[in-house]
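Engineer: just need the structure, nothing else, for what follows:
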Amino acid sequence: MYKSIGVIELKSIPKGVEATDAALKAAGIDMVSAHPACPGKYEIILTGSISNVTAAVSHVTAKFESYVIDSSVMGRIDEQVIKALFGTQTGEKKGSLGLIETFSAASCIKAADIAVKTARVELYDIRISRGMGGKGVIMLTGEVGDVTAAVEAGAAYAQGQAMLSSSCVIAAPHEGLWQQI
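Structural biologist: Okay, here's the model as predicted:
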């Protein structure tokens with residue numbers, strides 16, 4: 001399982017490709033993904049030991065400072081977040097629904113990790129960058145009090161980074177809504 005995750009978003013695709021190469025050469029890390037994202041961003045997700053991921057992210061953010069939109073290093077990331085990133089999370093469509101929307105993938109992943117560690121919630125889904133103008137969206141389910149606490153914690157992190165777009169809690173979603181998400 002992954003020890004830690006590093007996320008770097010750049011505002012240039014060519015510089016993103018170059019930054020990916022620099023990250024891989026900087027420390028003993030593995031690449032989870034590296035790809036263009038909407039609109040004209042480049043997103044890099046790395047994994048490895050916390051020290052190696054930190055070294056690689058620090059190297060890239062220093063070398064490509066003027067191109068970096070956001071970056072984050074997360075150690076001991078919750079397993080739900082990893083599963084959601086790979087599309088293997090199987091959250092249930094029940095209870096309350098909470099959503100957090102951020103302006104970057106890095107802030108979205110970190111907000112999701114904080115949210116699921118705050119209260120007894122399930123991470124239903126996490127969507128980042130592609131087809132969403134570079135934004136990220138987290139969907140959480142559970143009891144309304146837990147979902148509210150989780151959304152508040154994740155949104156507070158994103159707000160503190162100036163990356164919060166919006167958030168909400170729907171106490172009792174309509175069945176038609178569950179069928180659409």
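
Engineer: skipping adjacent residues, who's closest to the residue nearest the centre of the chain in space?
Structural biologist: Nearest residue to the geometric centre of the chain (Cα atoms, centre = their mean): residue 109, 1.8 Å. Nearest residue to residue 109, sequence neighbours excluded (Cβ to Cβ, 6 or more residues apart in numbering): residue 7, at 5.7 Å. Backbone N, C-alpha and C define where each C-beta goes, glycine included.

Engineer: what does the helix or strand hosting residue 42 contact?
Structural biologist: For residue 42, the host element (DSSP states H and E) is strand 41-48. Contacts to strand 41-48, defined as Cβ atoms under 8 Å, 6 or more residues apart in numbering, come from residues 2-13, 15-17, 19-20, 23, 27-37, 53, 56-57, 60, 69, 85, 105, 128-129, 134.

Engineer: switch the cut-off to 7 Å
Structural biologist: 2-13, 16-17, 19-20, 23, 28-37, 53, 56, 69, 105, 129, 134 (Cβ atoms under 7 Å, 6 or more residues apart in numbering).

Engineer: following element in sequence after that strand, please.
Structural biologist: Assignment by DSSP H and E places the next element after strand 41-48 at helix 50-63.

Engineer: run the angle between that next one and strand 41-48 for me.
Structural biologist: Counting by axes from the mean of the first three to the mean of the last three Cα atoms, to 10 degrees, helix 50-63 points 150 degrees away from the direction of strand 41-48.

Engineer: what segments of this protein are strands?
Structural biologist: Under the criterion DSSP state E, the chain contains strands at 4-10, 30-37, 41-48, 68-75, 96-102, 122-128, 136-142, 164-170.

Engineer: what comes up buried for the top helix by length along the chain?
Structural biologist: Ranked by residue count and defined by DSSP state H, the top helix of the chain is helix 144-160. The neighbour-count check on helix 144-160 (16 or more other Cβ atoms under 10 Å) flags 146-158 as buried.
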